[in-house]
Each structure stands twice: as C-alpha cells, then as structure tokens.
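Colleague: sequence first, predicted model second:
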Amino acid sequence: MAGIRRKYTQQQVWQHMRGRIYCNPDNKNLFVRRRTPGAWTMNLGNPWAWSVAGAAVLAAGGVAALLLRLCGV
C-alpha cells in the first residue's frame, strides 16, 4: 500500500465537506476520511456510493420485513 498516492490532500477533501456529507465527482475514492480521527464518509459524487447506499436500504428493509413476518405481524 506504500505505492498508493492520494489524488487529493486532506485539506482539499475538507473543502468539499458539508458537515458529514462529502460530494466531489472528480474524486474517484468511494470512502474519504472525515475530520474526526478514525471516521470515514462516502463520496456521494461517486456513482458507486449510491449503489452501496441503495443496497444498504434494501438490506435493512429485507431484515425488517423478515422480523415482522417472524413476529406474526
């Protein structure tokens, strides 16, 4: 991993941050670091981020439906 170079510096990433939301279509990274140590956020400018978020919503809905079915509701 030592050969991987970031395209954007951390200061350039912070310029595109709006609270916890990061959106920069020119940055191809799916996850970027937030200001908080050890915290990451998705780059909503990357089309794959929307696929990951959609899959998470579908998975949560599936788990909720399964739990409701098992509880007899």
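Modeller: Sure, I can see it. Numbers count the residues shown, from 1 in each chain.

Colleague: okay, and the spatially most central residue of the chain sits in which element?
Modeller: Of all residues in the chain, the one closest to the mean position by C-alpha atoms, centre = their mean is Met42, 2.4 Å from it. Per DSSP states H and E, Met42 falls inside strand 40-42.

Colleague: residues making contact with that strand?
Modeller: Residues from elsewhere that reach strand 40-42 (C-beta atoms under 8 Å, 6 or more residues apart in numbering): Met17, Arg20, Ile21, Tyr22, Leu30, Phe31, Val32, Arg33, Arg34, Ala49, Val52, Ala53. In short, each C-beta sits where N, CA and C put it, glycine included.

Colleague: kindly recompute the last result at 7 Å.
Modeller: The contact list for strand 40-42 (C-beta atoms under 7 Å, 6 or more residues apart in numbering) reads Arg20, Tyr22, Leu30, Phe31, Val32, Arg33, Arg34, Ala49, Val52.

Colleague: with stretch 18-31 instead?
Modeller: Residues from elsewhere that reach stretch 18-31 (C-beta under 7 Å, 6+ apart): 7-8, 13, 16, 32, 34, 40-46, 48-49.

Colleague: what about that stretch, start to end distance?
Modeller: Terminal residues of stretch 18-31 are spaced 15 Å apart (C-alpha to C-alpha, to the nearest Å).

Colleague: for that stretch, what does the pLDDT average out to?
Modeller: Mean pLDDT, computed over stretch 18-31, is 84.

Colleague: buried residues of it, list them for me.
Modeller: Neighbour counts over stretch 18-31 (16 or more other C-beta atoms under 10 Å) mark Tyr22, Asn24, Asn27, Asn29 as buried.

Colleague: ok, so of those residues, who is nearest Arg69?
Modeller: When the buried residues of stretch 18-31 are compared for distance to Arg69 (C-beta to C-beta), Tyr22 wins out at 36.9 Å.

Colleague: what does the closest one show for phi and psi?
Modeller: Note on Tyr22: its backbone torsions stand at phi -130, psi 130 [degrees, to the nearest 10].
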